[in-house]
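Colleague: Sequence first, then the predicted structure, then my questions.
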Amino acid sequence: MKTTKFVAQIGIAAVALGVALGTVAPAGATNNIKPYGTQETLKDIWGNSEIGYTVDGLGPSTDVVPAQINGQLYEASVTVDAVQGSVTPNVMDFNARAQSGANYRVLGVSTLPGGPLGPGGTSTGKLYFDVVGDVPNSVVYNDGSQDLMAWISP
C-alpha cells in the first residue's frame, strides 16, 4: 500500500516537472507514418478481421456541419475497406495534429456511413475537425493510449 502511494507521487512529480520545464511527452509517437492517399491497416486483437483506412486531403472546409465550431472547420476524406472479414469503422479515434503537437479530435459528425462493412466492403466519407490554434499538417489514428497510424503530406 505504501509503495503504491510512493510510486503515484513520483509519477505526479515527474508530470509536474515536465510541465514546468515545458517538456511534456507527445500524445504518442508512431513509426507508421504514410503520405496522404496511402492505405494503412489494423487487425482486430484476434486476427479475424482487418480494416483499412486511407486518409487524404486535410484542409479547410466550407461544408456546413451540425456542430458548434469555435475555430476553423477542417476536413479530410477517408476511405474504409474491409480487408479481411467484417469490420466496423471507428472514426472517433481520428485526430488532426499540428507540427507543434496541437491536437484536434474529430468532431462527432462525419459523412462516413455508419455501421459494419461486410467482407470486401468499402465506404468513403469525410472527417471534420475544429481547429482552434496551430494549423494541422497530419491526421493521426490514436486508440486512446498510442498513435497507431498517421498520414502527412509528402
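Modeller: All right, it came through fine. Owing to the predicted nature of the structure, the values given are computational and were not obtained by experimental measurement.

Colleague: How about stretch 40-51, which residues are buried there?
Modeller: If you call a residue buried by 16 or more other Cβ atoms under 10 Å, then stretch 40-51 has these buried ones: 40, 42, 49, 51. Any C-beta I mention is one placed from the backbone N, CA and C, and that applies to glycine too.

Colleague: how about the residues you listed, which pair is most distant?
Modeller: Spanning the widest gap among the buried residues of stretch 40-51 are Glu40 and Ser49, at 15.2 Å by Cβ to Cβ.

Colleague: longest single strand anywhere in the protein?
Modeller: Counting residues, the longest strand in the chain under DSSP state E turns out to be strand 72-84.

Colleague: Could you list every helix and strand that that strand packs against?
Modeller: strand 39-43, strand 50-60, strand 94-98, strand 122-131 (3 or more Cβ pairs under 8 Å, 6 or more residues apart in numbering; DSSP states H and E).

Colleague: any idea which helix or strand comes after the third one?
Modeller: I take that to be strand 94-98. Heading C-terminal from strand 94-98, the first helix or strand you meet, by DSSP states H and E, is strand 103-110.

Colleague: so where's this structure shaky on pLDDT?
Modeller: Within the chain, the segments meeting pLDDT under 70 span 1-30.

Colleague: how does it look with 80?
Modeller: The chain contains residues with pLDDT under 80 at 1-31, 113-114.

Colleague: Name the residues of the longest strand of the chain that come out as buried.
Modeller: Buried positions in strand 72-84, judged by neighbour count with 16+ other Cβ under 10 Å: 73-84.

Colleague: And stretch 87-94, by the same measure?
Modeller: Neighbour count says stretch 87-94 has 87, 89, 91, 93-94 buried, by 16+ other Cβ under 10 Å.

Colleague: contacting residues around that stretch?
Modeller: 44, 49-51, 53, 55, 76, 78, 80, 105-106, 108, 110, 112, 114-117, 121, 123, 127, 139-144, 148 (Cβ atoms under 8 Å, 6 or more residues apart in numbering).

Colleague: related to what we said a few turns ago, which of the buried residues of stretch 87-94 lies closest to Asn31?
Modeller: The closest of these to Asn31 turns out to be Asp93 (Cβ to Cβ; 17.6 Å).

Colleague: Could you check how far that closest one is from Ser61?
Modeller: Distance, Asp93 to Ser61, using Cβ to Cβ, to the nearest Å: 20 Å.
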